[in-house]
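# Could you look at this predicted model? Sequence included:
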Amino acid sequence: MKAKYILLFLALLICMVEAHALNITVEARSSSKTVEYALELNPKLIISEGNLTFTDNKATTTFSTNERLVLRIKGQNKEYTITVTSANTTMGTVSGGGTYEEGKTVTLTATPKSGYRFVKWSDGSTANPYTFKATKNVTLTASFEAITYDYTVKFVNAPKDAKVTIDGKSYADGAKFTTKKQLQASDVKATYAGYTTNVKIQNYVITVTYTKTTDGVESVAADDEAETAVNYDLTGRKVSQKTKVRGINLQKMNDGTTKKVLTR
């Protein structure tokens, strides 16, 4: 087509696609040369003294209005860059960043590592995955934190100075503490002389029930003691003999002493 006829066409086309990136290639053919020129969005088009000039502030190409031109136009949607990072890669990773065409759906995912949890994105959103439309360049950072558990210690029928040991630390009745792991009953060491203990954990409350052993004593040894009764008549002659055996336990008291206790 003649160069002088394409000016209006290009101007209208550029207005129609002003929301998109536009790539224009103009090829001028003559018996002696072929010229190709790629233009960006909103190029300036000038007709002066029989010539047609294309310029985009980077380069300028001028064609004769009598030149036979081949025009190639390619439209392309705007693209936006979505940048996503992790505030601490030892706690968690992120995915979903990249280049997206305008209006496309972006899905960002924050994946915490073991022992950690996702907190929020730098724009305040706590959604995970985080989904939105690409309308501009966006930079987001995901933050993570260590998972912790808050526990309370509760004693039932315990001696006044009773304590339990958890991960090498001692806790009394009513104590509160924080740990990075969920506890099992086996993690709680609860012993006291003269008592048996039972540990239960429910809703992050550690309940230790103390039960006093019988008579508050601990059997530490056993023995038998024999008692023999002999009967004699008036002449001194033995007429009968009876032996009774009793069981004796040596038991340790709460004060540390021991005593003999008849068992039968």
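Nice, thanks for sending it over. Numbering: from 1, shown residues only.

# which stretches of the stretch 101-250 of the chain have low pLDDT?
By pLDDT under 70, the weakly predicted segments of the stretch 101-250 of the chain are 214-250.

# now do 50
In the predicted model, the stretch 101-250 of the chain carries pLDDT under 50 at residues 216-222, 245.

# Let me see the ranges of the strands in it.
105-112, 116-121, 130-133, 138-146, 149-156, 164-166, 169-171, 176-179, 188-189, 195-202, 205-212, 218-232, 238-252 (DSSP state E, counting those that start in this stretch).

# strands paired with the fourth one, and their directions?
Take DSSP bridges as the rule and strand 138-146 pairs in its sheet with strand 79-86 (parallel), strand 116-121 (antiparallel).

# out of those strands, nearest to Thr213?
Between Thr213 and the strands paired with strand 138-146, the shortest gap by C-beta to C-beta is with strand 116-121, which sits at 44.7 Å. The C-beta positions use only the backbone N, C-alpha and C, and glycine is treated the same way.

# If you count neighbours, what's buried in that closest one?
116, 118-121 (16 or more other C-beta atoms under 10 Å).

# Next one: Val84 from Thr111, what distance?
12 Å (C-beta to C-beta, to the nearest Å).

# now, among the buried residues of strand 116-121, which is nearest to Ala158?
Lowest distance from Ala158 to the buried residues of strand 116-121 (C-beta to C-beta) belongs to Tyr116, with 36.2 Å.

# Now for that closest one: which residues touch it?
91-92, 144-147 (C-beta atoms under 8 Å, 6 or more residues apart in numbering).

# swap in Lys189?
For Lys189, the contacting residues are 164-166, by C-beta under 8 Å, 6+ apart.

# what do you get for Val164?
Counting by C-beta under 8 Å, 6+ apart, Val164 touches 153, 170-171, 188-190, 199, 206, 208.

# Mind giving me the PyMOL select for these, buried ones only?
Command for PyMOL that selects the buried part of these, burial taken from 16+ other C-beta under 10 Å:
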select buried, resi 153+171+188+190+199+206+208
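
# where's Val119 relative to Leu140, distance?
Distance from Val119 to Leu140, counting by C-beta to C-beta: 13 Å.

# and this structure, what are its domains?
Split into domains by automatic domain parsing, the chain comes to 3-76, 79-146, 149-212, 216-262.

# mind checking the end-to-end distance for stretch 164-176?
Start-to-end span of stretch 164-176 (C-alpha to C-alpha, to the nearest Å) is 12 Å.

# Bridging across strands, which residues link to Asp150?
Here Asp150 sits in beta bridges with Thr178, going by DSSP bridges.

# Give me the spatial nearest neighbour of Thr81, chain neighbours excluded.
Leaving out its chain neighbours, the residue that sits closest to Thr81 by C-beta to C-beta, 6 or more residues apart in numbering is Asn137, at 5.0 Å.

# do the same with Tyr130
With sequence-adjacent residues excluded and distances taken as C-beta to C-beta, 6+ apart, Tyr130 is closest to Leu108, at 4.4 Å.

# what's the burial count for the one you found?
Neighbour count for Leu108, taken as other C-beta atoms under 10 Å: 21.

# what about it, distance to Ala127?
Taken as C-beta to C-beta, the span from Leu108 to Ala127 is 9 Å.

# Which residues are in contact with each of the two?
By C-beta under 8 Å, 6+ apart, the residues touching both Leu108 and Ala127 are Trp121.
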